[in-house]
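Chemist: What follows is a predicted structure for the sequence shown.
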Amino acid sequence: MALPFPRFRLNPLTAKKVRRFREIRRGYVSFIILITLIVLSFAAELLVNSRPLALRYEGRWYFPTYGAIHRGREFGLGYEYEANYRELKAKLAQEPGRGNFVLLPPVPYNPYENSYPQEFYKPRPPNLGERHLLGTDQLNRDVLARLVYGFRKALIFAGSFIVLTYLVGVSLGCAMGYFGGWLDLVGQRLIEIWSLVPFLFVVIIVASIVSAYGGMNLGWLLAIVVMFSWTGITYYMRTNTYREKARDYVHAAQVLGASTTRIIFVHVLPNVLSTIVTFAPFTVASAISALTALDFLGYGLPPPTPSWGELLRQGTANLNAPWIVASAFSALVTVLVLVTFIGEAVREAFDPKKFTTYR
Amino acid sequence: MYTPHFARVLPLLAAALLLSACGRKDAADGTSTRPTAKSAATGPMAADLKATLDREKDFYVVKAAADLPANLKWENGSDLPEFADPNAKKGGTFNYFIQDFPRTLRVIGPDATGGIREYLWDYVEMYPAVEHPNVPGRVYPGFAKEWAADRATRTVYYRINENARWSDGRPVTTDDVVFTLYMLRSPHIREPWYNDFHTKTWEKVTVYDRHVYALTMKELRPDFVVRASQGFYLFPKHAMADFGPDYIEKYQWRVVPTLGAYTLHEADIDKGRSVTLSRVKDWWARDQKFWRGRYNPDRFRLTVIRDMEKVFESFVRGDLDYFPSNTMTVVPKYWYESLPDNHPDVAGGYIHKAKFFNQIPRPDWGLWINRSKPVLDEQEIRTGIQYASNFDRVANQFFRGDAVQMNTRSDGYSWRTHPSITARKFDPIKAREHFAKAGFTEQGPDGILRNARGQRLSFTITTYRPDIRDIMAILKSEATKAGLEFNLEVLDSTTGWKKVQEKGHEIALVALSRSPELFPRYWEMYHGSNAYADAYLGADGKPVERFADGKPNPSQKQPRVQTNNMTMTFIPELDRLIEAYDKADTLDEMKRLAAQIEEIIYKDAAWVPGWATLFYRTAYWRWVKWPEGFNVMLSRTALEYFLFSIDTEAREQTKAAKRRGETFPAQVKVFDQFKEK
């Protein structure tokens, strides 16, 4: 909670709310699990990766996880492109006693590579011996690797989505509530019109145009989805600000000569923050769903980017390979349920009325 | 506390799943117009037709029967072999599917392609004479009884069969021929391709009497009888009284009489759900050679099923009689995993599997490299890309050895244009050598080559066929071995087609489908005038004169859009060969020129040959019967020539046997009589 505003620190009331959140066990446990998953996904290169954690070859140490590629030629594999470390490991195992070894991560596959280069492309069921814990997809890629890296993409997307929608939504909402008058009147009408645009269809249309003429990437996709999603939060910020504006502390600040920006961001915003905090988990859920839906329909990130929507589509097109759709579906449901539990707990903890139906 | 905003975004995924799973229920608007009683002789169409005929007297020529040249050599193809089984059983219902309910019952104009047009028209309707599917270059009678070719005047004479009847019983006459040309040249059909084709192809039509007419072509090609006949569908003048500016709307849901074996009755349209075609009662050609033994089922039911997995499940359940051969061929899992030879229904002999080698021009899948883009304008780079594209892996590991890499632009034509050109096989070392010659020598930390200016060797591959995204992913991952990066851009069909036609792509992985023709076309794909709007022109003084010495036209500034020259090839030497090729009137001359053309195309390296499948395969229930030899050489799908029949007794027998657990001999057949050598 360290925002660059001096008076913005955990006041006793907020501390109480946080305590209440921790007491709601279902939400708190979900929160711990989700945070663990998030942290793990950001360390994915160390857990699910074709590059080794450590490698010793002819007396030299290599740590190729991050950074530039090492050519196959450097390890006597005789090609210019990136070394295949599983192949290298097998090769080194045949010439023991030279102190060479490869330490691979628990799941030694990256989300792009064909695990069976010599064989046909077809989904293969989970195989613990080969460390394909969730099997492979129709291009022989490890399903778990694609899930993990797809999850990270979804998190980055959801995180940026929440920051951007709230930045736009909160600023405009507060401005309308605080200044009122014509700005409010006109702004509200524009938002009403904008929010009536059918979300998915317009996003699909814009996405297909951007793909053709800009080249789709995470940034563009984010911009498009945010463009049609920021309106929701403005309603709440507007009414809350409108209410807070009439309170004595705002008048006091005005009398003391505080600037409008200072009043809005330092005095009013912390008091309407509970609204934002309560909505945040649901916004994350909606962002993940939106990304998955777009990827599922083929309007999301370009192939071969790992994503949950793409896995779901593969799964529904390969019903004879149930491990694909089962993995993607379970992962999606798990994360959405966790987020929803957290959201409910936050809402209850931050509820000014202590007794709610969620008890 | 849920807000409109969140309520709108949260169920997105559910909406997306539903969108992909549900059938369209809103396809038809419920309006239906019945043919009016208005006479074709007095309606607004009649007046416009008369005015057009008067205005274009040089095109629509009327002569007396006595003017018919006396020395014509009439032919009727009676020496050709029959290809259907004349004893095939008539009757029964054939159950099949369509992915989308048709948006119109018109066969031309907006939204007409796709849907049910194939079964209502393309596979069913008759031409005056039809190319023999086992003897390319020869024709057998359709609605014409006989024909006579006069090479000297580039004219083909046709005598309409006096027994030919529309499905409403009215006779076919030369009035219908004249009306058809008038209609297809009219802007009211809103289909520029037909307008263009029927303007560019014919010099004139001459009518001699109610049954004899002649078409004069603008160009003489070796197979000009096939060209004049094939694709010349007829429209019934008497049922088109309302033809006019509002043709599109008026005929949206109207079935017009047909010459073919199947038609559609209004009662058989279940909007949004299914369409059932019926055999025309007492079809006039049912006993005619080349037509008997075909179009056997009484009913042809098409149920809307959007999702291919569901189609498969319906087929295995016995709701559909046949699984589409194109899907079975290009998606290997249906043949190998979903319906393997040891599948209980296959092993029990209830479902039969068949693989049939056809011989048709293959769709020209491949990488179309846009020569007008920076870096790609260097031949060494393009040659490097040839070696860096692993279509061999696509053919052998993605298609599991069922596909081959193509070699030339003319693979699958009944004569090979070049005896020795073969595709450059995947070879990262050779690819790197060629990239090095163009200055890309350093490999960056990401494994991608760079030149001295630090520019990365990275290009975008575009496609408008989302179903091949996996193949693109394979090409991408293989290309990195050669230090080349491919970014992938999978667009929906409309946006992607537009981008490629506007030459906005760097590299396109697409294919143009090609109808069975005797020899390949080059002008559309390779002539300079289809690359640049200011290439050549000359005569009327605009842009630049064509050079006699063959040097490139320096004015290559305006890309010409909406053409199939997707490689933006502009090589004057090649243009001269293509022009000579298009004027050549003997097959030997064309063959000689085509070989030279293929050599230039190979050297220029702007088209990386992709994959081709030399057969199609399918699965069908035991009660679907096929002629001996299964199908014909030029067939693109097993249904195309309607050679199958339904054995209703076998249907009952099979279903009863399956219930009792009795089996039949398993049948997995391979028909390779037409296999390419």
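Modeler: Happy to help now that I have it.

Chemist: Can you list the low-confidence ranges for the stretch 1-150 of chain A?
Modeler: By pLDDT under 70, the weakly predicted segments of the stretch 1-150 of chain A are A:1-11.

Chemist: Would you state the strands of it in chain order?
Modeler: Using DSSP state E, counting those that start in this stretch, the strands of the stretch 1-150 of chain A run over residues A:54-57, A:60-62, A:101-103.

Chemist: dump the residue contacts of the closest residue to chain B within the stretch 1-150 of chain A.
Modeler: Taking CB to the nearest CB, chain B has its nearest neighbour within the stretch 1-150 of chain A at A:Ala68, 3.2 Å off. Every residue, glycine included, has its C-beta placed from N, CA and C. A:Ala68 is in contact with B:445-446, counting by CB atoms under 8 Å, 6 or more residues apart in numbering or on different chains.

Chemist: Check chain A and tell me which residue is nearest its centre.
Modeler: A:Leu155 (0.9 Å; CA atoms, centre = their mean).

Chemist: so how far is chain B from that residue?
Modeler: Going from A:Leu155 to chain B by CB to the nearest CB, to the nearest Å gives 17 Å.

Chemist: Test my guess that that residue contacts A:Val39.
Modeler: No. If you go by CB atoms under 8 Å, A:Leu155 and A:Val39 don't touch, sitting 10.6 Å apart.

Chemist: Quick check: the residue of the stretch 1-150 of chain A closest to chain B vs B:Tyr233, distance?
Modeler: Distance of A:Ala68 to B:Tyr233, given as CB to CB, to the nearest Å: 63 Å.

Chemist: Verify the contact between A:Pro304 and B:Lys476 for me.
Modeler: Yes. With contact defined as CB under 8 Å, A:Pro304 reaches B:Lys476; the gap is 6.6 Å.

Chemist: Name the residues contacting each of the two.
Modeler: The overlap between the contact sets of A:Pro304 and B:Lys476 (CB under 8 Å, 6+ apart) consists of B:Leu488.

Chemist: Those two: which is more packed in?
Modeler: Counted by other CB atoms under 10 Å in any protein chain shown, A:Pro304 and B:Lys476 do not tie: A:Pro304 has more neighbours, with 21 against 18.

Chemist: tell me which element the more buried one is part of?
Modeler: Assigned by DSSP states H and E, A:Pro304 falls within no helix or strand.

Chemist: Residue 283: what's it in contact with?
Modeler: No chain was given, so I picked chain A. Each residue near A:Thr283 by CB under 8 Å, 6+ apart is listed here: A:158, A:161-162, A:165-166, B:6.

Chemist: Not quite, go with chain B.
Modeler: B:Trp283 neighbours (CB under 8 Å, 6+ apart): B:167, B:261, B:295.

Chemist: my guess is the last one contacts B:Tyr262, does it?
Modeler: Yes. Taking contacts as CB under 8 Å, B:Tyr295 lies within contact range of B:Tyr262: 6.5 Å.

Chemist: Between the two, which contacts overlap?
Modeler: Overlap of the contact sets of B:Tyr295 and B:Tyr262 (by CB under 8 Å, 6+ apart) consists of B:124, B:279.

Chemist: Give me the more crowded residue out of the two.
Modeler: For B:Tyr295 versus B:Tyr262, the count of surrounding residues by other CB under 10 Å is larger for B:Tyr295: 27 against 24.

Chemist: can I assume that one sits in a helix?
Modeler: No. According to DSSP: H, G, I helix; E, B strand; the rest coil, the state of B:Tyr295 is coil, so it is not within a helix.

Chemist: Check what pLDDT it gets.
Modeler: pLDDT, B:Tyr295: 95.

Chemist: If we ignore the residues flanking it in sequence, what's nearest it?
Modeler: Spatial nearest neighbour of B:Tyr295, excluding adjacent residues (CB to CB, 6 or more residues apart in numbering or on different chains): B:Ala261 at 3.5 Å.

Chemist: send the alpha carbons of stretch A:56-67 over as PDB?
Modeler: Extracted C-alpha coordinates of stretch A:56-67, given in PDB (Å, rounded to 0.1, in the frame of the first residue of the first chain):
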ATOM      1  CA  ARG A  56      29.000 -28.300 -16.800                       C
ATOM      2  CA  TYR A  57      30.800 -29.000 -20.000                       C
ATOM      3  CA  GLU A  58      34.500 -29.600 -20.500                       C
ATOM      4  CA  GLY A  59      35.400 -27.800 -17.200                       C
ATOM      5  CA  ARG A  60      33.200 -24.800 -17.700                       C
ATOM      6  CA  TRP A  61      29.900 -23.900 -15.900                       C
ATOM      7  CA  TYR A  62      26.900 -22.600 -17.900                       C
ATOM      8  CA  PHE A  63      23.600 -21.300 -16.500                       C
ATOM      9  CA  PRO A  64      21.600 -20.800 -19.700                       C
ATOM     10  CA  THR A  65      18.100 -20.300 -18.100                       C
ATOM     11  CA  TYR A  66      18.100 -16.600 -18.800                       C
ATOM     12  CA  GLY A  67      20.000 -14.700 -21.500                       C
END
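
Chemist: So the residue in chain A positioned nearest to chain B versus A:Gly180, what's the distance?
Modeler: Going by CB to the nearest CB, chain B is nearest to A:Gly232 of chain A, at 2.1 Å. Between A:Gly232 and A:Gly180 the computed distance is 21 Å (CB to CB).

Chemist: These two: which is more packed in?
Modeler: Neighbour totals were compared for A:Gly232 and A:Gly180, and A:Gly232 leads with 23 against 14 (other CB under 10 Å).

Chemist: Does that one touch A:Phe199 like I think?
Modeler: No. Under the criterion of CB under 8 Å, A:Gly232 is not in contact with A:Phe199, lying 10.7 Å apart.

Chemist: Can you give me every residue that contacts B:Ser186?
Modeler: Contacts of B:Ser186 by CB under 8 Å, 6+ apart are B:52, B:195, B:243.

Chemist: Give me the pLDDT value at it.
Modeler: Note for B:Ser186: predicted pLDDT of 93.

Chemist: Likewise for B:Glu502?
Modeler: 88.

Chemist: List the contacts of it.
Modeler: Going by CB under 8 Å, 6+ apart, B:Glu502 touches B:559, B:561-562.

Chemist: interface residues of the stretch 351-500 of chain B facing chain A?
Modeler: Contacts of the stretch 351-500 of chain B with chain A, taken as CB under 8 Å from any CB of the partner chain, map to B:397-398, B:400, B:428, B:432, B:443, B:445-447, B:460, B:466, B:469-470, B:472-474, B:476-477, B:480-483, B:487-492, B:495-496, B:498-499.

Chemist: Pipe the contacts of B:Trp283 into a markdown table and attach distance to B:Tyr140 per row.
Modeler: Shown next, in a markdown table, are these (distance: CB to CB, whole Å):
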| residue | distance to B:Tyr140 |
| --- | --- |
| B:Ser167 | 21 |
| B:Ala261 | 16 |
| B:Tyr295 | 15 |
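
Chemist: now, which of the residues you listed sits nearest chain A?
Modeler: Nearest to chain A among the contacts of B:Trp283: B:Tyr295, at 33.9 Å, using CB to the nearest CB.

Chemist: Look up how far B:Phe94 lies from the closest one.
Modeler: Distance, B:Tyr295 to B:Phe94, using CB to CB: 10 Å.

Chemist: what helices or strands is the helix ranked longest in chain A leaning on?
Modeler: For chain A, the helix that runs over the most residues, judged by DSSP state H, is helix A:143-179. With contacts defined as 3 or more CB pairs under 8 Å, 6 or more residues apart in numbering or on different chains; DSSP states H and E, helix A:143-179 has these neighbours: helix A:25-42, helix A:44-47, helix A:181-195, helix A:218-227, helix A:231-245, helix A:269-297, helix A:308-317, helix A:322-349.
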